[in-house]
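Peer 1: Prediction below, plus the sequence it came from.
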Amino acid sequence: MASFGCGLLLGTGALLAPVLVVSVALSAFDTPSTSAPEQVDGIDPVLLDAYGRGPTILEGPEYTHCTGMRWSVLAGVGVVESDHGATVTIAPDGTTEPPFVGPQLDGSGVGGNLTPHHDTDNGKWDGDAEYDRAVGLTQHLPANWDRYGVDGNGDGRADPHNVYDSVASTAVELCQSARGAPVDFSHRDDLEKALFRYNPADWYVDQVMAHIDRYDRLSTGAGPEGGSEVGRRAVEWALEQLGKPYVWGGSGPDAFDCSGLVMRAWEAAGVSIPRVTTDQFAHGTRVDLSQIEPGDLLFFNVGPDPQPGHVTMYVGEGQMINAPGTGKVVRLDPIDMPYYANAFAGAVRPVQPSQ
């Protein structure tokens, strides 16, 4: 079997290039909107309306320490927690039928839960008087619902089985779980910390962030700027894969490793490049880091092999699309993140048809 060379751990070190200015914005292309689009594939219109209205709950005076909330953050939570309620019917008023209830949190390992959560609501919201279960499309523990649950649709009742209430309460929990400390949800680090408080698992944060990146891109309606048209097409295709899982040897359509992702992206743009990372490094034109353009491939030395074993694709504004390794998902990362810094091996621009 070919050695694809993806997904190995990288060391820490100095920044890639001190002259490179890197954006700290969440979107790779533009400032995302707090308002939801009129239509998004896979999201019920009522739920999409709830995602769009959800951020407004933080306009109240008790939440002034929290800024930058937007619909994409709430939708990112919703897709990971319940697949946007794909198994329930959502009524026009936001009520779900049947109520969306997660697995019993008895510590058996279902859903990654290893800590028993004994009943806190006498089965009021989850129908279980022995153990708790997360409730609602954005999955609230009953104890947290008691603390953060709000009326999101103005009907006078806070009900986790109403999507307006559930989504608005997620915004409140992401804010208030910081215990009064300032939170700027437009800052990636603040947002990742808030998501970890919501569900303390690195895999969870990675998955939600990948979906947030994808929904942010829908909000801007923008694509990569600069570089060649074929490079931008490769980036556009790659960005459609955000949130898909890493699988060693994967080349789509449902999962990818690092070299499989960039190969398929350039293939979608009409350019054939090799499958294996080391062959990709030898294919095309070497580019100085200060001259990289959307679509260029960034290579990193990993492990004892002197040849680069990991590849990502530059998408613009200091960001790269990355299939990092086992247990991770396709995501956006800053190109100067210390995790990758001292392993940088070089940048390559694939040979294009006009060349």
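Peer 2: Perfect, thanks for sending it.
Peer 1: Do a quick rundown of the strands in the chain.
Peer 2: 66-67, 89-90, 96-97, 183-184, 285-287, 297-301, 308-316, 319-322, 331-334, 344-349 (DSSP state E).
Peer 1: And the contacts of the fourth one?
Peer 2: Residues lying outside strand 183-184 but in contact with it, judged by Cβ atoms under 8 Å, 6 or more residues apart in numbering, are 65-68, 174-175, 190, 194. C-beta coordinates here come from the backbone N, C-alpha and C atoms, glycine included.
Peer 1: and that strand, which strands flank it?
Peer 2: Each strand pairing with strand 183-184, determined using DSSP bridges, is listed with its direction: strand 66-67 (parallel).
Peer 1: Measure how far the strand it pairs with is from the centre of its chain, please.
Peer 2: Centroid separation for strand 66-67 versus its chain: 20 Å, with Cα atoms, centre = their mean, to the nearest Å.
Peer 1: Same question for stretch 43-63.
Peer 2: The offset between the C-alpha centroid of stretch 43-63 and the centroid of the whole chain comes to 19 Å, using Cα atoms, centre = their mean.
Peer 1: mind exporting it as CSV, just the C-alpha atoms?
Peer 2: Below are the C-alpha coordinates for stretch 43-63, written out as CSV (Å, rounded to 0.1, in the frame of the first residue of the first chain):
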residue,chain,number,x,y,z
ILE,A,43,-31.9,23.0,7.7
ASP,A,44,-35.6,23.2,8.2
PRO,A,45,-36.8,26.8,7.5
VAL,A,46,-38.2,27.2,11.0
LEU,A,47,-35.0,26.0,12.6
LEU,A,48,-33.0,28.3,10.3
ASP,A,49,-35.2,31.2,11.5
ALA,A,50,-34.4,30.2,15.1
TYR,A,51,-30.7,30.2,14.3
GLY,A,52,-31.1,33.7,12.8
ARG,A,53,-33.0,35.0,15.8
GLY,A,54,-30.9,33.3,18.4
PRO,A,55,-28.0,35.9,18.6
THR,A,56,-30.5,38.7,19.5
ILE,A,57,-31.0,37.2,22.9
LEU,A,58,-27.6,38.5,23.8
GLU,A,59,-28.6,42.1,23.1
GLY,A,60,-30.1,42.2,26.7
PRO,A,61,-28.3,44.2,29.3
GLU,A,62,-27.2,41.2,31.3
TYR,A,63,-25.1,39.9,28.3
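Peer 1: Let me have the strands of the chain in JSON lines, extended by mean pLDDT and distance to Arg233.
Peer 2: Putting those into JSON lines (pLDDT from 0 to 100; distance: least, Cβ to Cβ, whole Å) gives the following:
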{"stretch": "strand 66-67", "mean pLDDT": "98", "distance to Arg233": "35"}
{"stretch": "strand 89-90", "mean pLDDT": "98", "distance to Arg233": "36"}
{"stretch": "strand 96-97", "mean pLDDT": "98", "distance to Arg233": "39"}
{"stretch": "strand 183-184", "mean pLDDT": "98", "distance to Arg233": "33"}
{"stretch": "strand 285-287", "mean pLDDT": "95", "distance to Arg233": "18"}
{"stretch": "strand 297-301", "mean pLDDT": "95", "distance to Arg233": "15"}
{"stretch": "strand 308-316", "mean pLDDT": "94", "distance to Arg233": "12"}
{"stretch": "strand 319-322", "mean pLDDT": "93", "distance to Arg233": "14"}
{"stretch": "strand 331-334", "mean pLDDT": "89", "distance to Arg233": "18"}
{"stretch": "strand 344-349", "mean pLDDT": "95", "distance to Arg233": "14"}
